[in-house]
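Visitor: dropping the sequence and predicted coords here.
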Amino acid sequence: MKILLVNNYQKANETATFEALKLSLAGHQVEFQRYKPGLQFADADKDLVILSGGGGEGSEINDTYSQDKLWYEDQINFILSTKKPLVGVCMGFEVIASAYGSKVFEMDDYIRGFKRSKTTNKGLQQFNKKTLTQYESHKWYVPSVSSKHFEVLAESVSGVEAIKHKTRALIATQFHPEKGGTLSLNQLISSSLV
């Protein structure tokens, strides 16, 4: 499968997480692009686009970079206009949720480590699991998403953990399936294309 992997990490110390993402895609033909405002997404010949985790000073979900333009505004526009299947992980999840009007809030504490989330009825159908234990590493959360656009697949005490678009090949998780757990990244990719 030809995949465009959009790297949302802006800090050098986040390379270990991005490396895990690259390793989990072994066997696929992957092209990498680091996100920055104005990016021309190289998705023309790709079967799938993955929006990675990320963040960093000056590029968190609500940050602006010039004349009050959101750092992720070009990515939001891409999400809304592309016809390609999409997978969002952590920051990718937050940008996708934002693109469809969901609010993303900063938490008091950073969540890091393996955490449990409960699947909804739709999530049980999607993943065939009542609970998911996945690696999380984030300081932002999405308490709810538009029911017009999304099915919530999993939730935890810190908010929505997994969503699937109702009419598009688009799936996203707040957690990091590339870091292991109940659900692998390849399982998530397969789920997005169904």
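Guide: Perfect, thanks for sending it. Numbering: from 1, shown residues only.
Visitor: going forward, measure contacts between C-alpha atoms and count neighbours the same way
Guide: OK.
Visitor: the longest strand in this protein is where?
Guide: strand 105-119 (DSSP state E).
Visitor: per-residue confidence for the residue with the largest distance to the centre of the chain?
Guide: When each C-alpha in the chain is compared with the mean C-alpha position (Cα atoms, centre = their mean), Q67 comes out farthest, at 26.5 Å. At Q67, the predicted lDDT confidence score is 78.
Visitor: what's the answer for the one 3 residues further on, then?
Guide: Per-residue pLDDT puts L70 at 88.
Visitor: sheet-wise, list the partners of the longest strand of the chain with their directions.
Guide: Strand pairing for strand 105-119, using DSSP bridges, gives strand 131-141 (antiparallel), strand 150-156 (antiparallel).
Visitor: toward the C-terminus, what is the element adjacent to the worst-scoring helix or strand of the chain on mean pLDDT?
Guide: Within the chain, no helix or strand scores below helix 15-24, which has a mean of 80 by mean pLDDT, DSSP states H and E. Following helix 15-24 in sequence order, the next helix or strand is strand 29-34 (DSSP states H and E).
Visitor: identify each buried residue in that next one, please.
Guide: For strand 29-34, the neighbour count (16 or more other Cα atoms under 10 Å) marks 30, 33 as buried.
Visitor: off-centre distance for that strand?
Guide: Relative to its chain's centre, strand 29-34 lies at 16 Å (Cα atoms, centre = their mean, to the nearest Å).
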